[in-house]
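Chemist: please find the sequence and the predicted model below.
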Amino acid sequence: MRVALIGQAAFGEAVYRRLLEQGEDVVGVFYEREGDPLHTLAQEQGVPAYPTQELRSHEFFQTYVDLGTELNVMAFVTVIIPERVISLPSNGTIQYHPSLLPLHRGRSAINWAIINGETETGITIFWPDKGIDTGPVLLQKKSPISPTDTLSSLYRNQLFPQGVDGLVEAIALINEGRAPRIVQDEALATYEPPCEGQLAGIQWFRPAEQVYNHIRGCEPQPGASTTLRQEVIRLSDVEFGQRAGPGMYGDVLAVDESGIHVALNGGTLLVRRIRREGERPTSAAEFAGTIGLKAGERLGE
């Protein structure tokens, strides 16, 4: 088939390489940022490449039509694609989404599955329509979420490779005329807003495991945030533990070479990495030494 690939970053590049290996005819590439890996590979291959935003332009639409695309493949797309682009190819459009739709619609699907303390998620390849992640399902693959998974580890180790394989499998089913269109059950649908801003803030009063899950679900982006001495900091690389004894949630219990030990509502948290606004992450022990952090201070104030 004549395929237009719409995507970005390492995931888009990996999908493109697999399509080339499979012998698919990629006739055009749409990327979200100049110089990202997908854009660079398209330039190396000599394939026409355009910013994804162009697909929203009436003036550009004829250029897209002239590609003669038979299938759009959307690989990690974060902008809204017009319905006329989605519906034009003879074989339609397929899209990757990192959840088991209709669960966790929206662009922070991986974050919220971890934040909610779920033990399973997965990927969906579906036929997009004018809604947000609402189109019929073509295929799904499940993935376990371990108690120590973060957004980064879950995506890198499971949802990224599963997504590449899933798109390739979906294209094969389309080529064979066996691709299903399973309508999503709206009674099971969930949608969460982007995990950013205030939603990344740690609520120390919540039960211990919820705080731990929240931090894991925000790592590395946007980074779970709290305040210390009126400065916003972001925590990562954390370990959950049980404890007995006094201490209000958010209290610094100890500072040592392993990091900062913080009291939770029903447990403890060892923080190994800290990121100050506008800076790169550093070890929590180094951060504590720099500012002279001592036991008895409190996070979130």
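Modeler: Arrived safely, thanks for sending. Residues are numbered from 1 along each chain as shown.
Chemist: and Glu32, what does it touch?
Modeler: If you count contacts by CB atoms under 8 Å, 6 or more residues apart in numbering, Glu32 has them with Gly7, Gln8, Ala9, Pro51, Thr52, Gln53, Val77, Thr78, Val79. (Glycine included, C-beta is placed from N, CA and C.)
Chemist: quick one: neighbours of the third one, just the number.
Modeler: Neighbour count of Ala9, defined by other CB atoms under 10 Å: 17.
Chemist: of the contacts of Glu32, closest to Glu219?
Modeler: Taking CB to CB as the measure, Glu219 lies nearest Ala9 of the contacts of Glu32, at 17.9 Å.
Chemist: give me the phi and psi for the closest residue to that closest one other than its chain neighbours.
Modeler: In space, and not counting its chain neighbours, Ala9 is closest to Asp36: 5.5 Å by CB to CB, 6 or more residues apart in numbering. Main-chain dihedrals, Asp36, degrees, to the nearest 10: phi -70, psi 170.
Chemist: then Ala224?
Modeler: The phi and psi torsions at Ala224 (degrees, to the nearest 10) take the values phi -70, psi 130.
Chemist: what's opposite it in the beta bridge?
Modeler: With DSSP bridges applied, the residues forming beta bridges to Ala224 are Leu235.
Chemist: Thr124 - that's part of a strand, no?
Modeler: Yes: applying DSSP: H, G, I helix; E, B strand; the rest coil, one finds Thr124 inside a strand.
Chemist: show me what contacts the closest residue in space to it that isn't next to it in sequence?
Modeler: Once flanking residues are discounted, Thr124 sits nearest to Leu101: 4.3 Å by CB to CB, 6+ apart. The neighbourhood of Leu101, defined by CB under 8 Å, 6+ apart, consists of Thr124, Phe126, Asp133, Val137, Gln140, Gln184.
Chemist: tell me the buried residues within those.
Modeler: Thr124, Phe126, Asp133, Val137, Gln140, Gln184 (16 or more other CB atoms under 10 Å).
Chemist: before we move on, back to that, surely the residue nearest to Ala9 is in contact with Gly7?
Modeler: No: using CB atoms under 8 Å, Asp36 is not in contact with Gly7, being 9.3 Å away.
Chemist: who's more crowded, the two?
Modeler: Per other CB under 10 Å, whichever of Asp36 and Gly7 has more neighbours is Gly7, with 28 against 16.
Chemist: can you list contacts of the strand or helix carrying Ile274?
Modeler: Secondary-structure element containing Ile274, defined by DSSP states H and E: strand 267-276. Outside of strand 267-276, the residues within contact range by CB under 8 Å, 6+ apart are 208-209, 211-212, 215, 223, 231, 233-243, 253, 258-263, 281-284, 287.
Chemist: name the strands paired with it and say parallel or antiparallel.
Modeler: Take DSSP bridges as the rule and strand 267-276 pairs in its sheet with strand 231-241 (antiparallel), strand 259-264 (antiparallel), strand 282-283 (antiparallel).
Chemist: mind giving me the packing neighbours of the helix ranked longest in the chain?
Modeler: Longest helix of the chain, by residue count under DSSP state H: helix 160-175. Under the contact definition 3 or more CB pairs under 8 Å, 6 or more residues apart in numbering; DSSP states H and E, helix 160-175 sits against helix 9-21, strand 71-75, strand 93-97, strand 120-126, strand 137-144.
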